[in-house]
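Enquirer: heads up, no residue letters with this:
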Ligand SMILES: O=C(O)CCC(=O)C(=O)O
Ligand SMILES: [Fe+2]
């Protein structure tokens with residue numbers, strides 16, 4: 001992938017931070033700390049502060065616990081680095097005839113994850129979310145698109161991407177699912 005493109009796309013981007021506090025729960029199997037999701041950003045850097053287990057990722061349909069390592073950061077790929085084709089009419093009803101796509105054309109997959117709680121001890125984590133500059137166009141990197149690797153996404157302004165995320169309906173689907181076009185090229189998974 002073209003280095004200058006990546007620098008231009010992600011250099012001096014936006015960063016947000018979330019601190020998560022999960023109190024202990026006497027019946028942990030009846031609650032969820034943070035519901036299943038994929039991060040809508042490009043990259044997440046996550047620190048599990050007090051070495052308590054709780055983070056899980058979904059692999060082949062199974063929830064896998066991530067054991068905290070002292071002083072280790074977890075790096076998650078977010079939706080901007082993955083995404084498939086968008087359903088513009090659902091996610092962005094205020095814009096017509098948009099082209100949508102996302103950076104690695106689904107070569108890197110954004111990971112579905114959640115946090116569970118336990119009955120013993122509180123758990124704390126800090127996530128920092130890194131995104132493109134707000135005036136950038138989010139789409140497959142031109143240098144990786146060819147006749148053999150056709151674009152799976154169209155492209156969209158980062159501001160519209162964020163707006164579509166916050167305007168979406170809060171149901172069980174991820175933002176990726178909201179935006180995915182289901183057709184013969186890109187069947188529902
Ligand atoms: O608490 C955790 O380990 C996960 C936090 C997380 O996924 C998030 O803040 O987006
Ligand atoms: Fe997350």
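Expert: That came through, no problem. Only a predicted model underlies this, so the values are computations on that prediction, with no experimental measurement involved. Ligands and ions are numbered 1, 2, ... in the order given.

Enquirer: alpha carbons only for contacts and neighbour counts from here, please
Expert: Will do.

Enquirer: quick one: contacts of stretch 26-34?
Expert: 22, 114-119 (Cα atoms under 8 Å, 6 or more residues apart in numbering).

Enquirer: those residues of the chain touching ligand 1, which are they?
Expert: 18, 20, 39, 55, 114-115, 125, 127 (Cα under 6 Å from any ligand atom).

Enquirer: how is residue 159 assigned, secondary-structure-wise?
Expert: helix (DSSP: H, G, I helix; E, B strand; the rest coil).

Enquirer: if I pick it, what's in contact with it?
Expert: Contacts of residue 159 (Cα under 8 Å, 6+ apart): 134-135.

Enquirer: where does it land on pLDDT?
Expert: Looking at residue 159, its pLDDT is 79.

Enquirer: for it, give its distance to residue 50.
Expert: 35 Å (Cα to Cα, to the nearest Å).

Enquirer: could I get the contacts of stretch 26-34 in CSV, plus columns for secondary structure, distance to residue 28 and neighbour count?
Expert: Below are those laid out as CSV (DSSP: H, G, I helix; E, B strand; the rest coil; distance: Cα to Cα, whole Å; neighbours: other Cα atoms under 10 Å):
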residue, secondary structure, distance to residue 28, neighbour count
22, strand, 11, 18
114, strand, 14, 18
115, strand, 11, 21
116, coil, 8, 19
117, coil, 6, 26
118, coil, 5, 21
119, coil, 6, 12
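
Enquirer: tell me the pLDDT of the nearest residue to residue 38 once chain neighbours are set aside.
Expert: Using Cα to Cα, 6 or more residues apart in numbering and skipping the chain neighbours, the partner closest in space to residue 38 is residue 112 (4.6 Å). Looking at residue 112, its pLDDT stands at 84.
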